[in-house]
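K.L.:
A predicted structure for the sequence below; I have some questions about it.
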Amino acid sequence: MNCLDFRRRLGAEPHCNDADFLRHRQDCPGCAEAQARALAFEQTLRQALAVPPPAELAEAVLLAHATRQQRLRRVYRRGALLALAASLVLAFGIGLRVEARPLTDQAVEHLRAEAVTLTFTQPVTAQAVRDAFASRGLALREVPDGITFVACCPMGRHRTVHLVMSGEGGAVSVIYVVDVRTGAREDFQHGGWQGRSVPLGAGTLILLAQDGSRFDAVERAWRAALDAR
Amino acid sequence: MVSSKQRQFDALVRSLSGDLFRYAYWLCGDEALAHDLVQETFLRAWRALDDLRETAAAKAWLITILRREHARLYERKTPQFTSVDEIDVPEERGAHLPEFSGEENLIRNAMRRLDPKYRDPLLLQVLGGFSCDEIARELKLTPAAVMTQVFRARQKLKALLGGDSREGSVHELP
Ligand SMILES: [Zn+2]
Ligand SMILES: [Zn+2]
């Protein structure tokens, strides 16, 4: 290998450790120095590309996986091909209508699928909450207390931050739909849940619980955290 | 009861989701899309997990799946790298974000401006840990063409950095 071959190889594969390559480096101080510079650049390049992943990324993936497994088990339990065929038809139908369904329906469905989140009791860090909102392009002014779950869940075609707030009187699930703002603030009942939907910032805050007595306090906390002014 | 398949899957998610996210981010240019891509990739990987023979090959295997997902979902979109500038605002990610030096920021900007034809093989090499032969298979190119592209990718990066690019220029060698 000559200097030209070495430099060509170096530019393409700075970490090359072929015998020819190493032998030339040993014999040629100029090329050895060039490799040292190239490796320093590689190091900087690697650091520059090291974008920090969102907090709780692994947890969100594992939760999505567990949720899908649960759904599949439910489908299969109902009985073989017939159920599968029916669910395909259903999924197709829902797929077409999904945007016509109210956000609140989608939120209830999302919670049913992720009911396990209501059992989480370990507080998550304020930084994890800030990171989740930051990854949806939002900066929180403050982080409400008592959050025991946070994930950036897709909900239909919407982007959300999904949280659970534990406390006296049971858990309140909070889904902040980042990309759509509904018209009016309203309370609703849906499939055994009490709910509240609040237009807030550029999005919609949806609260769901078995018992809505903490809604006022939770809504205040999120207004303080999210409202522009 | 947790199956051994489930344990293997958990371990993969915990150990590789960060690496996969970095790759996805530079592939699609958007943090939220990268998050969704990583999620979809693992959901697909679960179904094919029996195909994975050696754990050492897991990262390359997952990146291959991720690239397929990306092509399927976002092919028509070119990377816009819109959200990264918001993320870089210090008060948003503040203490959590590692300090990027001035030079690293320059490299990140240069990387965003690099033609995908060069960025793509370079990412597979630097973030994916692929060899030139593996990149060639993945991108359906010859190994020689890949060598040329990653060589030029570095040259162009250094040129965009405005620095001394003689390093990569074979013409000026003694
Ligand atoms: Zn030499
Ligand atoms: Zn969720």
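P.N.:
Perfect, thanks for sending it. Numbers count the residues shown, from 1 in each chain, chains lettered A, B, ... in the order given. Ligands and ions are numbered 1, 2, ... in the order given.

K.L.:
State the pLDDT value of the most centrally placed residue in chain A.
P.N.:
Nearest to the mean C-alpha position of chain A, by CA atoms, centre = their mean, lies A:Cys152 at 2.8 Å. If you check A:Cys152, the pLDDT there is 85.

K.L.:
Can you pull the poorly scored residue ranges out of the chain?
P.N.:
Picking chain A for this. A:72-100, A:228-229 (pLDDT under 70).

K.L.:
that's the wrong chain, I meant chain B
P.N.:
B:1-2, B:75-101, B:163-174.

K.L.:
which parts of chain B sit against ligand 2?
P.N.:
Taking CB under 5 Å from the ion, no part of chain B reaches ligand 2. C-beta coordinates here come from the backbone N, C-alpha and C atoms, glycine included.

K.L.:
Could you point out the longest helix of chain B?
P.N.:
In chain B, with assignment by DSSP state H, the single longest helix is helix B:4-28.

K.L.:
which strands and helices sit next to the helix or strand just after that one?
P.N.:
Moving toward the C-terminus from helix B:4-28, the next helix or strand (DSSP states H and E) is helix B:31-47. Contacts defined by 3 or more CB pairs under 8 Å, 6 or more residues apart in numbering or on different chains; DSSP states H and E place helix B:31-47 against helix A:57-77, helix A:126-135, helix B:4-28, helix B:58-74, helix B:83-87.

K.L.:
Enumerate every residue touching the residue nearest to the spatial centre of chain B.
P.N.:
The centroid of chain B falls nearest to B:Tyr23 when counting by CA atoms, centre = their mean (2.6 Å). Residues in contact with B:Tyr23, defined by CB atoms under 8 Å, 6 or more residues apart in numbering or on different chains, are B:Ile63, B:Leu66, B:Leu123, B:Leu127, B:Gly128.

K.L.:
Turn these into CSV, including neighbour count and distance to A:Val161.
P.N.:
Shown next, in CSV, are the contacts of B:Tyr23 (neighbours: other CB atoms under 10 Å in any protein chain shown; distance: CB to CB, whole Å):
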residue, neighbour count, distance to A:Val161
B:Ile63, 25, 27
B:Leu66, 25, 23
B:Leu123, 24, 28
B:Leu127, 22, 27
B:Gly128, 24, 30
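
K.L.:
Closest one to A:Ala60 out of those, please.
P.N.:
B:Leu66 (15.8 Å; CB to CB).

K.L.:
Which residue is the nearest non-sequential neighbour of that closest one?
P.N.:
B:Thr41 (4.3 Å; CB to CB, 6 or more residues apart in numbering or on different chains).

K.L.:
so how many other residues sit close to that neighbour?
P.N.:
When neighbours are counted by other CB atoms under 10 Å in any protein chain shown, B:Thr41 registers 26.

K.L.:
Pull the contacting residues for it.
P.N.:
B:Leu20, B:Ala24, B:Leu62, B:Ile65, B:Leu66, B:Glu69 are the contacts of B:Thr41 under CB under 8 Å, 6+ apart.

K.L.:
So which residues on chain A come close to ligand 1?
P.N.:
A:Cys3, A:Phe6, A:Cys28, A:Cys31.

K.L.:
Now do the residue sitting furthest away from the middle of chain A against A:Gly11, distance only.
P.N.:
What lies farthest from the middle of chain A is A:Asp27; by CA atoms, centre = their mean that is 52.1 Å. Distance, A:Asp27 to A:Gly11, by CB to CB, to the nearest Å: 20 Å.

K.L.:
that older thread, of the contacts of B:Tyr23, just say which sits nearest to B:Asp36.
P.N.:
Out of these, the member with the shortest distance to B:Asp36 (by CB to CB) is B:Leu66, at 11.0 Å.
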